[in-house]
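Q: give me a 3D structure for the following:
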Amino acid sequence: MQFTLEAQDPGSRARAGRLTTDHGVIETPIFMPVGTVGSVKAVPQRDLAEDINADIILGNTYHLYLRPGTHTLEQAGGLHRFMHWDRPILTDSGGFQVYSLADNRKIKEEGVTFRSHIDGSKHLFSPETSMDIQRSIGADIIMAFDECPPYPSEYGYARKSMEMTHRWLDRCIARLAETEPLYGHQQHLFPIVQGSTFKDLRAASAEAIAERGAAGNAIGGLSVGEPHDEMYATCDLVCGILPQDKPRYLMGVGTPANILECIALGVDMFDCVMPTRNARNGTLFTWQGVMNMKNAKWENDFSPLDPEGTSPVDTYYSRAYVRHLFKANELLGLYIASVHNLAFYLDLVRTARKHIQAGDFREWKDRVVPQLTAKV
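A: Residues are numbered from 1 along each chain as shown. A predicted model of the protein is given here:
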């Protein structure tokens, strides 16, 4: 995998880059649609490739391990072939489920024992099993197994969690060194910086991660309830330590404004369920602001869904029609809204890239953030 920096905004740390994998090129900054179980909810792969033009999508190790399972994925020739997607894929290691399944898991040095949310069966995730499962899935970028501490965390807990995450990272690296990719393409490990919102822990974690010399690095443990100012302060600190010549991935973030602010701090890659989850609830993100399609104000508005949108659905369907679909509980409404929001998020980061290349990203970002957060 190669990462090339192509431009740097003079007024911020924002960068435009080019990440090359065996399944294609990813232009950064980039947003990755979340396809947890091998499907971006309500959106066919054809639309992801043609209408949304996603360079890369995300899968989840925990969920894919439970179903369809590694046996099925290996028989299919990996997730790319199973879901008919020939562009890059990144997989989360299952570490976030250590956080989100707090009532059904036990953390030890060996790994995490948890009960399936599907049938209650008992399983063990360790750094080694996470790497083995991600070999079976076949993603281009795979994440190290980590623990995401809750917010707020006590300092002592956050420190012990961070130190264990570093020990788990070394076990991930060792496991990958003694195994081979299964499907003829290279897989690249991204370690994850942890440490909650404690500056000294985050700095220590970023330094430890940087020493590993991985192909890229991630910032985890944010967007878990902390104020936005703390998220930005943590990103600013960590991006100042992580290597300049490697991509930086901020996990699970966020709103359009969050993404632009974190691009300004030096982040290159993002993922979040927000565009598709909010779409299914009738919320659309646009350049004019946030639209609730269930509001009565759209009932007789026959103008295009989003005149500035980049997806065919934006000009093909009217606001009145999409509101009608949501009020009538028609599944087509979920599809239109999901395609729109994903296309908007991709347009957002690609427009940001153009302004980075033009050298006026900071001024543009400061101008558009207020309108992106407005209620339309």
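
Q: find the nearest non-adjacent residue to the residue with the largest distance to the centre of the chain, please.
A: In the chain, the residue that sits farthest from the middle, by CA atoms, centre = their mean, is residue 300; the gap is 36.3 Å. Nearest residue to residue 300, sequence neighbours excluded (CB to CB, 6 or more residues apart in numbering): residue 320, at 5.8 Å. For the C-beta atoms, the positions are set from N, CA and C on the backbone; glycine is no exception.

Q: same check, this time on residue 185
A: What sits nearest to residue 185 in space, not counting adjacent residues and going by CB to CB, 6+ apart, is residue 22, at 3.8 Å.

Q: same check on residue 85?
A: Leaving aside its sequence neighbours, residue 85 sits nearest to residue 45 (CB to CB, 6+ apart; 5.3 Å).

Q: quick one, phi/psi of that neighbour?
A: phi -60, psi -30 (degrees, to the nearest 10).

Q: ok, it to residue 31 distance?
A: From residue 45 across to residue 31, the span is 17 Å (CB to CB, to the nearest Å).

Q: which one of these two has more residues nearby?
A: The neighbour comparison of residue 45 against residue 31 (other CB atoms under 10 Å) goes to residue 31, with 26 against 18.

Q: state the helix or strand in which that one lies.
A: Using DSSP states H and E, residue 31 maps to strand 30-32.

Q: who touches that strand?
A: Identification of contacts with strand 30-32 by CB atoms under 8 Å, 6 or more residues apart in numbering yields 19, 54-58, 90, 259, 268-272, 345-346, 348-349.

Q: go with 10 Å
A: Defining contact as CB atoms under 10 Å, 6 or more residues apart in numbering, one finds that strand 30-32 is touched by 17, 19, 26, 40, 54-58, 88-90, 141, 247, 249, 253, 256, 259, 268-272, 275, 342, 344-350, 352-353.

Q: circling back: my guess is the residue nearest to residue 85 contacts residue 79, does it?
A: No. The pair residue 45 / residue 79 is not scored as a contact, 11.5 Å apart, by CB atoms under 10 Å.

Q: between the two, what contacts are shared?
A: Common neighbours of residue 45 and residue 79 (CB under 10 Å, 6+ apart) are 35, 38, 57, 85.

Q: show me which of those residues are buried.
A: Buried subset of the shared contacts of residue 45 and residue 79 (neighbour count, 16 or more other CB atoms under 10 Å): 35, 38, 57, 85.

Q: residues contacting the residue nearest to residue 185?
A: Listed by CB under 10 Å, 6+ apart, the contact set of residue 22 reads 1, 88, 140, 181, 183, 184, 185, 186, 187, 188.

Q: which one among the residues you listed gets closest to residue 333?
A: Within those, the smallest distance to residue 333 is 29.9 Å, found for residue 88 (CB to CB).
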